[in-house]
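A.B. asks: here are the coordinates; sequence isn't available:
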């Protein structure tokens, strides 16, 4: 174990005795979160234009017979639920990482210009006639988000404030140029508007293997990096004193945030608030521990997105509401509730 | 006798007034201005409009473009109409390309100065009524009389195209094309009369939204079905909640509703592009396991249909040939 790892473990946030006492409730909460996630996932596979009872959902997963209900569960809703889990976890963990890194409670993954980069790339790709179909849009979104994040990281890597400001500036520039292009080209606007609302619908046929693999790898990376990030929360000087490689940790965290947010945005479009609200909701139970913060966000992000996705299917009798609209609708009141419940100090 | 004679006279005058109100072809010019061009009152979406009885310089936009080109109307300017290009004959396409473009694909892209420069004596706007709001009709009216004749339900293209051609005084060639179409349709109807009327058909349109996970189901009277119906095809069902225009004959259910939508169908048809390629929205349906599970698909009775956007008799001739080609396997079973 490195010095940073030793220093950033439970000892930093309260000493061994206190950690041992707090460990069980935290683990219990985590296991409870996993159970909740499983229940919500089964529920999400039963709700839709064609309702499927929970028992049939379980049967479709464990004893596939090829009936229409089973096909819907296995081929339409299971991929969608897995996508919700991956995107929810990616955005929530990216949010926790950026808030920890920037030491700014209002930081969210989009602040690094990733969302604007993806949107800009899709706009340009559509204008050139290259971002055609789901695979084309996905490719352009990934390239755009990665390039935007690389640019922000290159310019703003020296300090968290500079990083955030660079992200905001790039977002403004890319959004402005892309908006101008969309206003001039109605067909491009048409392509963009479907992507821009953020949705998990109809992704079952899209080539998701690469972005989902990237998300899983980065989630594991975030867990591995979380102990080192604990030292960073004490301030750079203290982290240096404790032997943490501040530059290396920050660089790795930036890579993880970029890939997590870029992949999630590419496959589902911009989904607001998940990356902002989830870290706030779990900050108190995490009790200052970045590893627990990451673990909790990894579970609560998917739960929140799955619930929003269920809502997106039942809110209107005539069809679906894009999940991005539901999360925005839920996210605002939840953020206000969190502020009132835990006080502005927790933010 | 005199009462009967008077009644006859009143009847004749009434008939003349009714015909004038319906805008058939009455003259509205004043008797003492012999040099003034003859006019008539024409009923359009934008009201009763006085137009030249024999227009010499016509500007057409939207759905009126292919109609006017086929009818040999005296066009001096048209809007861009790329969606119709694949359905035009070589001759019509050459005419289309040669004509001055005074508007883009969207109604909002009307170039008023270009319209004025064309010096039309009649402007025929072929866009749906709600889209008329995107056009400064008053400004166009300051250039020439404007008649708006836009699409309503898809199957009404027959009546609407006739009205557009009538406004431009170009019915001769139009009527000939209509007769040719009807003769061909009757011939094909006889060819399939032992097969088609007994089958329940369903159709997947090209305008589903993949991003939303929906498909377009088209019922009878829609773009994808109305010409096949002239051959005796019967598309079953009706929309759950009827809307305006094409929404009264088509709907956009979730892909999960494919079994409920088409489970009863004996034959399924789906729209493809003019070159035979499959639009993304249709490919999304064809790639679904729910589609492959449908009885009609398992029985090998799913057929692509080309030229489903036909909105003129000339275009519809291509549709008839395409349907005949697609339905041919039904005769062998």
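C.D. replies: Received it, and whenever you're ready, just let me know what you need. None of these values were measured; they are calculated from a predicted model.
A.B. asks: What distance do you get for residue B:298 to residue B:291?
C.D. replies: Distance of residue B:298 to residue B:291, given as C-beta to C-beta, to the nearest Å: 10 Å. (Glycine included, C-beta is placed from N, CA and C.)
A.B. asks: between these two, which one's more packed in?
C.D. replies: Each of residue B:298 and residue B:291 had its neighbours counted (other C-beta atoms under 10 Å in any protein chain shown), and the higher figure belongs to residue B:291 (22 against 10).
A.B. asks: The more buried one reaches residue B:285, doesn't it?
C.D. replies: Yes - counting by C-beta atoms under 8 Å, a contact exists between residue B:291 and residue B:285, whose distance comes to 5.4 Å.
A.B. asks: Any regions of the stretch 101-250 of chain A where pLDDT drops low?
C.D. replies: Along the stretch 101-250 of chain A, the model assigns pLDDT under 70 to residues A:242-244.
A.B. asks: buried stuff in stretch A:220-238?
C.D. replies: Counting neighbours by 16 or more other C-beta atoms under 10 Å in any protein chain shown, one finds that the buried residues in stretch A:220-238 are A:221-222, A:225-234, A:236.
A.B. asks: now swap in stretch B:253-268 and tell me
C.D. replies: Applying a neighbour-count criterion of 16+ other C-beta under 10 Å, one finds B:253-259, B:261-262, B:265-268 buried in stretch B:253-268.
A.B. asks: With stretch A:89-104 instead?
C.D. replies: A:89-102, A:104.
A.B. asks: for stretch B:173-187, same thing?
C.D. replies: If you call a residue buried by 16+ other C-beta under 10 Å, then stretch B:173-187 has these buried ones: B:174, B:177, B:178, B:181, B:184, B:185.
A.B. asks: what is the mean pLDDT for it?
C.D. replies: Mean pLDDT, taken over the full extent of stretch B:173-187, equals 96.
A.B. asks: which helices and strands does the strand or helix carrying residue A:265 pack with?
C.D. replies: Residue A:265 is located in helix A:246-268, with elements delineated by DSSP states H and E. With contacts taken as 3 or more C-beta pairs under 8 Å, 6 or more residues apart in numbering or on different chains; DSSP states H and E, helix A:246-268 sits against helix A:78-102, helix A:114-127, helix A:133-156, helix A:209-232, helix A:236-241.
A.B. asks: quick one: which of those helices is nearest residue B:206?
C.D. replies: Between residue B:206 and those, the shortest separation by C-beta to C-beta is 14.2 Å, and it involves helix A:133-156.
A.B. asks: where's the nearest residue to residue B:95 once chain neighbours are set aside, which helix or strand?
C.D. replies: Counting by C-beta to C-beta, 6 or more residues apart in numbering or on different chains, residue B:95 lies nearest to residue B:69, which is 5.3 Å off, once chain neighbours are set aside. Using DSSP H and E, residue B:69 maps to helix B:64-70.
A.B. asks: what comes into contact with that helix?
C.D. replies: Residues outside helix B:64-70 that contact it (C-beta atoms under 8 Å, 6 or more residues apart in numbering or on different chains) are B:58, B:60, B:73, B:75, B:78-79, B:81, B:84, B:87-88, B:92, B:95-96, B:99, B:124-126, B:149, B:161, B:164-165, B:168, B:170, B:173-174, B:177, B:311-315.
A.B. asks: Throw together a ChimeraX command that grabs the buried residues out of the residues you listed.
C.D. replies: One line in ChimeraX is enough to select the buried members of the contacts of helix B:64-70, burial here meaning 16+ other C-beta under 10 Å:
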select /B:58,60,73,75,78,79,81,84,87,88,92,95,96,99,124,125,126,149,161,164,165,168,170,174,177,311,312,313,314,315
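A.B. asks: can you pull out the strands in the stretch 151-300 of chain B?
C.D. replies: Assignment of strands within the stretch 151-300 of chain B using DSSP state E, counting those that start in this stretch yields the ranges B:201-205, B:216-218, B:250-251, B:267-271.
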